[in-house]
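Asker: could you look at this predicted model? Sequence included:
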Amino acid sequence: MKKFNKKFLCTLLSVSMLVFMTACGGKSDSAPASNSNTASNSDAKTDTPAAADTDTAAPADTEAPASKDGSVAVFYYTYGDTYISSVRAALDSALDAAGIKYQDYDSNNSQTTQSEQVTTALTQGATVLVVNLVDTGSDDAAKNIITQANGVPVIFFNRSVSEEAVTSSDKCVFVGTDYEMAGHMQGEMIGNYLLENYDTLDLNGDGTISYVMFKGQEGNAEADARTQYGQEDADAILTGAGKPALSFYDSANSNKYLVDQAGAWSSAAATEYMQTIMSQYSEANNNMVELVIANNDEMAIGAITALQNAGYNKEGATVIPVFGVDATDAAKDAIAAGSMIGTIKQDAEGMANTIASITANYMDGKEAFDGVDSANVVGTWRVNIPYATYTGN
Amino acid sequence: MAEKDNLKKIGDLLLNNAMYIIIALAVVYITIMRPSFLGIPSIVNILSLTAAKLPIALGIGGCIVLTGTDISAGRVVGLTACISASLLTTVFKVFPDMSNAAPLPLVLLLVIGVGALVGFVNGFSVAKFKLHPFIVTLSTQLIVYGAILMYLMRGVNNGQTLSGLADNYRSFITGTLFSIGGVAVPKYVLYSLILTIIMWIIWNKTTFGKNMFAVGSNEEAANVSGVNVMRTIIMVFMLAGMMYGITGFLDGARIASANANTGLNYECDAIAACVIGGVSFVGGIGRISGIVVGVLLLQIIFTGLNFLAVDANMLYIIKGLIILIACAIDMRKYLVRK
């Protein structure tokens, strides 16, 4: 009886697993598979292992865009990142529209995982790699991927890769943003906003604005730049107009920022920091924090939550200006509601469309930057997707 | 000779209460450096942050009493926070067809149910297949994370952070319970207190609680003496899951934005708090009051270090040392008894 039970259980488990796998697989495969008619227009330079299912050209596919030979493997540093999720949604639909087969990987914030996924994708016969690198601290991870690719084109995006690494292969480009720009633009936006509203913002009337800076992560080039320039550029504008520079709310803190301990750029970290700050610094004590600068919108929203719980940043209440980066939907809603002042928009769709067209160029054997807005191209190795300030106007 | 014994006794007393002594010393030191640390706003802040982190620790405590652990806790909090935030909102991105926020009690029951379901899977696998809870909950942690990511891609949300919560939801959680000296105490402090009382009664006054300790100290002996071991284990994990569901419900409104990172690593702090509070991995040992003290201690240390503007890198080291010392003291008691 017991033996039978075990056997039965095993069978049940394997059957349910099979069902689950087919159910899951079916969904992601259906879009590219239905588009895979024989692609007469592309010059079919590669012998793809996936060619087996290309002879399924159905009459119903005449409307679909001509599909390309080969397939793209796209590696995202983590599915957990809000901004990267919007890039993923946009890139999935851009690749669908271009009739390119793709497979998405979640590297789950681990470079080891990502490097292993790259190996897997290459053995599966991926003909273009699109990589959102996890480890931006050194060139090693990027170079390792380029070496592994061994002639297969690699498109890095979003998280910065050095020029030296990218130019080490002639089939490698980087699509990103000038990551320092976000910090500069945030600082500039803050400086100008403060100048316009200086006296209302200086709650205790001591002539200087005290601020807090929320940093997303230690050892991340983007976080470092935003933390530095967000404050420095604002200072430059203030001192240029004869005002004193910003002062960090806690003079004992020599870092002049509070960092998310988990390195997750999370709203929870900002909420708890802000709540703790306000237990010590308040209008009643005449030392309230008068400005909040956050590395990203998550942390900005987190700070706003704590402020709102303490009676600030609501309709009719005092608004402590809060600034973020990313222009997520939540931040746009907060700006529309008046509880947040401004953010820097990263153009997720622009980035996705650029990646898709470079991918198509590689597949068609054209120049990598064919058809990409030349104003955004830097040298022969990178494209910068421009940032924009977003204040709801 | 007697003097030597006395000295040893005093030494034992100091060691056995080392955690309380450390708390006291820390508070005194921080207060000298920053007097506002003992001000009413600061005390309310520490209490409310403690209250926010208490339910998950109360849940995990039961799993540790069974010599197990539960590392799926944080992700369950994340999933239930996302469910709460998607249903009790003003912008329905996950469910574009909805136009009104769901009733609060219904959502609360739903997230408790989701937590209990994950807890059931954990408990059932541990009890039935005799798997180590670490492995079981590692699996469910991953499964739940996948579920969060899929849930956030639903509708027109595209993985974005959920925000724009309904006012009645936020005020139900973070609204003012009462004010002391002009400082508002949020309502979730009360909810945490109620949960603590309920858990105290379950642990100390019910047959289930007694069975839990019996299974924790010696599973076979408990079995021989007629305790339904399997049911006890499943119920402990389900109870823990319900606590995570409630934590998610509270956290959704407390942070007012839920995304895939919500709840990440929450179980680490909760397990640390339990261990510091004397809930032993040896099994069958632990008290609710200990868990409360553990959570409070961690919070005092972290808020205090924040007041002292200690470098963030040092925080990790200090946290690690506290856990190590707490466990060492805990094991020492156990070895003496043996």
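Answerer: Arrived safely, thanks for sending. Residues are numbered from 1 along each chain as shown, chains lettered A, B, ... in the order given.

Asker: all helices of chain B, in order?
Answerer: In chain B, the helices defined using DSSP state H lie at B:2-16, B:18-33, B:40-65, B:73-87, B:104-129, B:133-153, B:167-174, B:188-205, B:207-217, B:219-224, B:229-255, B:266-276, B:288-307, B:312-337.

Asker: and the third one, how far out from the chain middle?
Answerer: It stands for helix B:40-65. For helix B:40-65, the separation from the chain centroid amounts to 6 Å (computed by CA atoms, centre = their mean, to the nearest Å).

Asker: report the buried residues of that helix.
Answerer: Within helix B:40-65, the residues scored as buried using 16 or more other CB atoms under 10 Å in any protein chain shown are B:41-65. For the C-beta atoms, the positions are set from N, CA and C on the backbone; glycine is no exception.

Asker: show me which of the residues you listed neighbour chain A.
Answerer: Applying CB under 8 Å from any CB of the partner chain, the subset of the buried residues of helix B:40-65 adjacent to chain A comprises B:41-42, B:44-46, B:48-49.

Asker: which one among those gets closest to B:Leu104?
Answerer: B:Leu104 has its nearest neighbour among these in B:Ser48, at 20.4 Å by CB to CB.

Asker: alpha carbons only: can I get the helix or strand that A:Thr359 is a member of in CSV?
Answerer: Using DSSP states H and E, A:Thr359 sits in helix A:348-364. Extracted in CSV, the C-alpha atoms of helix A:348-364 (Å, rounded to 0.1, in the frame of the first residue of the first chain):
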residue,chain,number,x,y,z
ALA,A,348,12.2,53.3,-21.1
GLU,A,349,10.5,53.1,-24.5
GLY,A,350,13.2,55.0,-26.3
MET,A,351,15.8,52.7,-24.8
ALA,A,352,13.8,49.6,-25.8
ASN,A,353,13.2,50.8,-29.4
THR,A,354,16.9,51.6,-29.9
ILE,A,355,17.9,48.2,-28.6
ALA,A,356,15.4,46.5,-30.9
SER,A,357,16.6,48.4,-34.0
ILE,A,358,20.3,47.6,-33.2
THR,A,359,19.3,44.0,-32.8
ALA,A,360,17.6,44.0,-36.1
ASN,A,361,20.6,45.7,-37.7
TYR,A,362,22.9,43.0,-36.4
MET,A,363,20.6,40.2,-37.7
ASP,A,364,20.4,41.8,-41.1
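
Asker: pairing partners for whichever helix or strand comes after it, with directions?
Answerer: The first helix or strand that comes after helix A:348-364 along the chain, using DSSP H and E, is strand A:377-378. The strands beside strand A:377-378 in its sheet (DSSP bridges) come out as strand A:382-384 (antiparallel).

Asker: got the contact list for the helix or strand following the partner strand?
Answerer: Scanning forward in sequence from strand A:382-384 by DSSP H and E, the next helix or strand is strand A:388-390. Contact with strand A:388-390 is made by A:185, A:189, A:327, A:331-332, A:335, A:342-345, A:347, as judged by CB atoms under 8 Å, 6 or more residues apart in numbering or on different chains.

Asker: ranking the residues you listed by neighbours, who comes first?
Answerer: Among the contacts of strand A:388-390, the one with the most neighbours (other CB atoms under 10 Å in any protein chain shown) is A:Ala331, at 32 neighbours.

Asker: may I ask which helix or strand encompasses that residue?
Answerer: Using DSSP H and E, A:Ala331 maps to helix A:329-337.

Asker: and that helix, what does it pack onto?
Answerer: On a contact count with 3 or more CB pairs under 8 Å, 6 or more residues apart in numbering or on different chains; DSSP states H and E, helix A:329-337 meets helix A:297-309, strand A:343-345, strand A:388-390.

Asker: strands of chain A, start to end?
Answerer: Here chain A has its strands, by DSSP state E, at A:71-76, A:101-106, A:128-131, A:154-157, A:172-176, A:210-215, A:247-248, A:258-259, A:291-294, A:322-323, A:343-345, A:377-378, A:382-384, A:388-390.

Asker: so the residue lying closest to A:Gly263 once chain neighbours are set aside versus A:Val259, what's the distance?
Answerer: Nearest residue to A:Gly263, sequence neighbours excluded (CB to CB, 6 or more residues apart in numbering or on different chains): A:Gln217, at 4.0 Å. Per CB to CB, to the nearest Å, A:Gln217 is found 7 Å from A:Val259.

Asker: okay, these two: which has more neighbours?
Answerer: The residue with more neighbours, out of A:Gln217 and A:Val259, is A:Val259; 23 against 18, by other CB under 10 Å.

Asker: need the pLDDT of the more buried one.
Answerer: On the pLDDT scale, A:Val259 is placed at 92.

Asker: coming back round to it: let me know the closest of the contacts of strand A:388-390 to chain B.
Answerer: The shortest gap between chain B and any of the contacts of strand A:388-390 belongs to A:Ala331, at 8.7 Å (CB to the nearest CB).
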